[in-house]
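Trainee: any chance you could fold what I've pasted below:
(one chain, ligands or ions: 1)
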Amino acid sequence: MSKLVPPHGSDVLMPLLLPEPERAEELKRAKTLKAVPMSSRETSDFLMLAMGAYTPLTGFMGHEDWRCSAAEMKLSNGVFWPIPITLSCDKELADSIGVEETVALVDRQSGEIMGVLEVTEKYTIEKTFECEHVFRTSDRKHPGVAKVFRQGEINLAGHVRAFSEGTYPRDYEGLYYRPAETRALFADKGWSRVAAFQTRNPMHRSHEYLAKIAIEVCDGVLIHQVLGALKPGDIPASVRIRAIAALTSRYFLPGTYVQAGYPIEMRYAGPREALLHVLFRQNFGCSHVVIGRDHAGVGNYYGPFDSQHIFDTLPEGSLIAQPLKVGVTFYCYKCDGLATTRTCPHGPEDQLQISGTRLREMFVNNEKIPEEFSRPEVVAILREYYASHQ
Ligand SMILES: [Zn+2]
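Mentor: I've put the predicted structure just below:
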């Protein structure tokens, strides 16, 4: 009998998506309410709330939870939470909304009404305060900081009731699993120790090695892809999904992995985001998350292993799921195999490492990608993509 980790801060998952029969009625009512548009980041958080990935949150945070999560990495009730989950709007719209009013939440991009918010609080935040704590910088060139500064002036807080997950379940059929569903899959396989491997890139051999390290030490691995918005220049999810499937179908043992995607939008908050990644993976039923070099980082804002070190600073009991810390991975010609900085005694001249920028350049110039770096089946799919997108 498998025994998975419990959800975060709760005995049960708390999805906010209403049961099917109630959705049509709620939508009809929502059409008569004031509409609050959600940015793509806000919609992605809404979807995480809807599916229960943000258990035990029941909606968008009020001022005290916002302040505590930013400054102290916990909710006002003491439950560990490393990043504020908030909804904003402009002042004019906020002024027209009364506390205790229920408003419709609309995805700005699609125009779809996704759910409703029972407003309990309206407040302003100091954006610099949030950014200095969460991102360790208020530099507007940081993509996560830029998003905070693009938010509306006023935050709206309250309970959320969701009745749509947009086009995700349809667009990513067979990949879009909610926490209750991954838990059922793991339980069905008899797994109790499950490591998540998070990726927003196609998997090359170093990623394959990381996922296989997870399989060696746990019952199985959840290959968990980011389906939310990415940075310009990143490989689109549809291409990445094909590349990863090409890899796993040929190089992984069936029954050792589950592939899934989830709708988060990256904040690139480095260490703080690594904490959030482990927190919500616990809700998906994972006991571990692979945390490698510069997890969820961007540019040179974070040290290469800051996202590992931060776990050592947490008060005991903050999280049940834990990081699986792995060094920098690469192919070493002297070791004649995949290795990490913890296992290979050789120098950089023997180690094959290709940065994302350099790899892109190699594809664009149609250079040969070494087989030690990436499987030929993966390279073929990426070549086709670059050939049609130059
Ligand atoms: Zn070596």
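
Trainee: ok, residue 129 touching residue 70?
Mentor: Yes - under the criterion of CB atoms under 8 Å, residue 129 is in contact with residue 70, at a separation of 6.7 Å. C-betas here are computed from N, CA, C, even on glycine.

Trainee: these two: who's more crowded?
Mentor: Counted by other CB atoms under 10 Å, residue 129 and residue 70 do not tie: residue 70 has more neighbours, with 23 against 14.

Trainee: doesn't the more buried one belong to a helix?
Mentor: Yes - using DSSP: H, G, I helix; E, B strand; the rest coil, the secondary structure at residue 70 is a helix.

Trainee: now do the same contact list for it.
Mentor: 83, 84, 129, 130, 133, 134 (CB atoms under 8 Å, 6 or more residues apart in numbering).

Trainee: which other helices and strands does the helix or strand that the fifth one is a member of contact?
Mentor: Pointing back at residue 133 there. Under DSSP states H and E, the secondary-structure element containing residue 133 is helix 127-134. Counting contacts by 3 or more CB pairs under 8 Å, 6 or more residues apart in numbering; DSSP states H and E, helix 127-134 is packed against helix 63-72, helix 143-150.

Trainee: hmm, who's touching stretch 375-384?
Mentor: For stretch 375-384, with CB under 8 Å, 6+ apart as the criterion, the contacting residues are 202-205, 208, 235, 239, 242-243, 246-247, 250-251, 363, 366, 369, 374.

Trainee: ditto for stretch 305-318
Mentor: Counting by CB under 8 Å, 6+ apart, the neighbours of stretch 305-318 from elsewhere in the structure are 73, 80, 270-275, 278, 291, 293-297, 303, 319, 322-323, 325.

Trainee: list the buried ones in that stretch?
Mentor: Judged by neighbour count (16 or more other CB atoms under 10 Å), stretch 305-318 contains these buried residues: 305, 306, 307, 308, 310, 311, 318.

Trainee: helices and strands of the chain: which one has the lowest mean pLDDT?
Mentor: Per-element confidence for the chain was summarised using mean pLDDT, DSSP states H and E. The lowest value among helices and strands belongs to helix 356-364, with a mean of 91.

Trainee: okay, the angle between the helix or strand just after it and helix 356-364?
Mentor: Scanning forward in sequence from helix 356-364 by DSSP H and E, the next helix or strand is helix 376-388. Calculated by axes from the mean of the first three to the mean of the last three CA atoms, to 10 degrees, helix 376-388 forms an angle of 80 degrees with helix 356-364.

Trainee: was I right about residue 284 contacting residue 53?
Mentor: Yes - using CB under 8 Å, residue 284 and residue 53 qualify as a contacting pair, with a distance of 6.8 Å.

Trainee: quick check: residues of this structure near the ion?
Mentor: Selection of the chain residues close to the ion by CB under 5 Å from the ion yields 332, 334, 335, 344, 346.

Trainee: mind giving me the ChimeraX select for those, buried ones only?
Mentor: When burial is assessed using 16+ other CB under 10 Å, the buried subset of the residues of the chain next to the ion is captured in ChimeraX by this command:
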select :332,344
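
Trainee: closest to residue 63 out of the residues of the chain next to the ion?
Mentor: In terms of CB to CB, no member of these lies closer to residue 63 than residue 344, at 49.5 Å.

Trainee: is the closest one in a helix, a strand, or coil?
Mentor: Relying on three-state DSSP, one would call residue 344 coil.

Trainee: show the contacting residues for it.
Mentor: Taking CB under 8 Å, 6+ apart as the definition, contacts of residue 344 comprise 330, 332, 334, 335, 350, 351.

Trainee: can those residues go into CSV with extra columns for pLDDT and secondary structure?
Mentor: Written out in CSV, the entries for those read as follows (pLDDT from 0 to 100; DSSP: H, G, I helix; E, B strand; the rest coil):
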residue, pLDDT, secondary structure
330, 96, strand
332, 98, strand
334, 98, coil
335, 98, coil
350, 97, helix
351, 97, strand
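
Trainee: check those and tell me the two furthest apart.
Mentor: Those two in the contacts of residue 344 that are separated most widely, counting by CB to CB, are 330 and 334, at 11.5 Å.

Trainee: helices or strands up against the host helix or strand of residue 282?
Mentor: Assessed by DSSP H and E, residue 282 sits inside helix 271-283. The contact analysis (3+ CB pairs under 8 Å, 6+ apart) places helix 271-283 against strand 194-199, strand 288-291, helix 306-309, strand 322-325.
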